[in-house]
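A.B. asks: when you get a sec, could you give me coordinates for this:
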Amino acid sequence: MSVLVSNLVKIYDVQRAVDGVSFEAHKGEVLGFLGPNGAGKTTTMKIITGYLPQTEGEATVCGFSVDKNPMEARARVGYLPENNPLYKDMYVREYLHFTAGIHKVSNPRKRVEEMIERTGLTSHRLKQIGELSKGYRQRVGLAQAMLHDPEVLILDEPTSGLDPNQIVEIRQLIKDLGKEKTVILSTHILAEVEAVCDRAIIINKGKLVADAPIEELKQRFIGQSVVQVEFAEKTDATTLKKIPGVQGVKDLGKHRWQLTAPSGQDFRPAVFRFAVEQKLTLLELHKEQYSVEDVFHQLTMGKDAGNL
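C.D. replies: Take a look at the predicted model:
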């Protein structure tokens, strides 16, 4: 694996900002790193990049310990922090050449031009960074993070400040990068996680509360399957509860019903057979799809918040 985090702890005074977090991130995947404000995700990312020392535990990048072999580990990481610090009095191309020099990039002129084109900065390459909009500053930050061709990319809110068209372009760039690198992506846009990530980690109050592929995550933590159905004729809850597998029935009005069953159980065929047997005209039958947002809410605000 490219990134290995084991029992990571970070303590500020008496506060455990990160509390025993462990996970792996592999080459060829985009890992979503999620959590409410103050949950400890940015602290964890800063430890992995070597910006902060951990109190306990271990973090390695491509086999190099971030505290025992910091230079080797940092050389393999590209980092776009949330606040994206840039030299605003420098020009875009000048800044990227400066960054290339720090990383001792071979053939820096060619590499800088590649990154300018890849991040959509061609028409802005001769402008001062301070003159750019926030969205284009994000692009400059992303370009510098990729400039030295790192094996691991850690991106904290990479689409912040971008317009809708720019968001689509950068998301596609991140997906493409995820095919060849390890990408750890932190974002508050939960729809972005579904659009870009292969797997997601959710951290709450310093603890890891979920780690699973996106589709598995949505199924595992919701705890039930839900179907909405509409008939042309009247029926009642008592009758609907006789459908095999159905545990709950809710009247939505106008002959519409919400039926629930244990998670992972697709009971739509049973509902269809029920309609035939009862001589009911079935107008609508669909399974509700849960989102990462639903899971995030349940694990960080619901009754199970903080529990694995």
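A.B. asks: contacting residues for the residue nearest to the spatial centre of the chain?
C.D. replies: In the chain, the residue lying closest to the centroid (C-alpha atoms, centre = their mean) is residue 32, at 2.5 Å. Each residue near residue 32 by C-beta atoms under 8 Å, 6 or more residues apart in numbering is listed here: 185-187, 193, 196-197, 199-201, 214, 292. From N, CA and C alone the C-beta is placed, and that goes for glycine too.
A.B. asks: what's the most distant pair in the residues you listed?
C.D. replies: 186 and 214 (15.5 Å; C-beta to C-beta).
A.B. asks: higher neighbour count, those two?
C.D. replies: residue 186 (24 against 19; other C-beta atoms under 10 Å).
A.B. asks: surely the more buried one and residue 160 touch.
C.D. replies: No - using C-beta atoms under 8 Å, residue 186 is not in contact with residue 160; the gap is 10.5 Å.
A.B. asks: hmm, back to that, the residue nearest to the centre of the chain pairs with what?
C.D. replies: residue 185, residue 200 (DSSP bridges).
A.B. asks: for the protein, name the helix or strand with the lowest mean pLDDT.
C.D. replies: helix 214-222 (a mean of 73; mean pLDDT, DSSP states H and E).
A.B. asks: right, and the helix or strand after it?
C.D. replies: strand 224-231 (DSSP states H and E).
A.B. asks: residue 86: what secondary structure?
C.D. replies: With DSSP: H, G, I helix; E, B strand; the rest coil as the basis, residue 86 sits in coil.
A.B. asks: quick check: phi and psi at it.
C.D. replies: phi -130, psi 160 (degrees, to the nearest 10).
A.B. asks: what sits against the closest residue to it other than its chain neighbours?
C.D. replies: Distance criterion C-beta to C-beta, 6 or more residues apart in numbering; nearest residue to residue 86, sequence neighbours excluded, is residue 129 at 5.1 Å. Contacts for residue 129 (C-beta under 8 Å, 6+ apart) come out as 86-92, 95, 137, 140.
A.B. asks: if we go to 10 Å?
C.D. replies: 86-92, 94-95, 136-137, 140-141 (C-beta atoms under 10 Å, 6 or more residues apart in numbering).
A.B. asks: also residue 173?
C.D. replies: 118-120, 139, 142, 146, 158, 196.
A.B. asks: most neighbours, which of these?
C.D. replies: Neighbour tally across these (other C-beta under 10 Å): the maximum, 28 neighbours, falls on residue 158.
A.B. asks: give me the pLDDT for that residue.
C.D. replies: Predicted confidence (pLDDT) for residue 158: 88.
A.B. asks: element containing it?
C.D. replies: Following DSSP H and E, there is no helix or strand that holds residue 158.
A.B. asks: just give the nearest non-adjacent residue to it, would you?
C.D. replies: residue 80 (5.6 Å).
A.B. asks: before we move on, what about residue 96?
C.D. replies: Nearest one to residue 96, counting by C-beta to C-beta, 6+ apart, is residue 112 at 4.5 Å.
A.B. asks: a helix runs through the one you found, doesn't it?
C.D. replies: Yes - membership of residue 112 in a helix is supported by three-state DSSP.
A.B. asks: and it, how many neighbours?
C.D. replies: 24.
A.B. asks: then residue 69?
C.D. replies: Neighbours around residue 69, by other C-beta under 10 Å: 16.
A.B. asks: about what we covered before: which ones are touching the residue nearest to residue 158?
C.D. replies: The contact partners of residue 80, taken as C-beta under 10 Å, 6+ apart, are 138, 140-146, 153-158, 160, 185-186.
A.B. asks: which strand residues bridge it?
C.D. replies: residue 155.
A.B. asks: ok, now how distant is it from residue 51?
C.D. replies: Computed as C-beta to C-beta, to the nearest Å, the residue 80 to residue 51 distance reads 12 Å.
A.B. asks: which residues do residue 186 and residue 160 both contact?
C.D. replies: Joint contacts of residue 186 and residue 160 (C-beta under 10 Å, 6+ apart) are 80, 82.
A.B. asks: contacting residues for residue 8?
C.D. replies: Each residue near residue 8 by C-beta under 10 Å, 6+ apart is listed here: 18-23, 40, 43-44, 47-48, 54-59, 206, 208.
A.B. asks: for the stretch 151-300 of the chain, which segments are assigned as helices?
C.D. replies: For the stretch 151-300 of the chain, applying DSSP state H, counting those that start in this stretch gives helices covering 164-178, 190-196, 214-222, 237-240, 268-277, 292-300.
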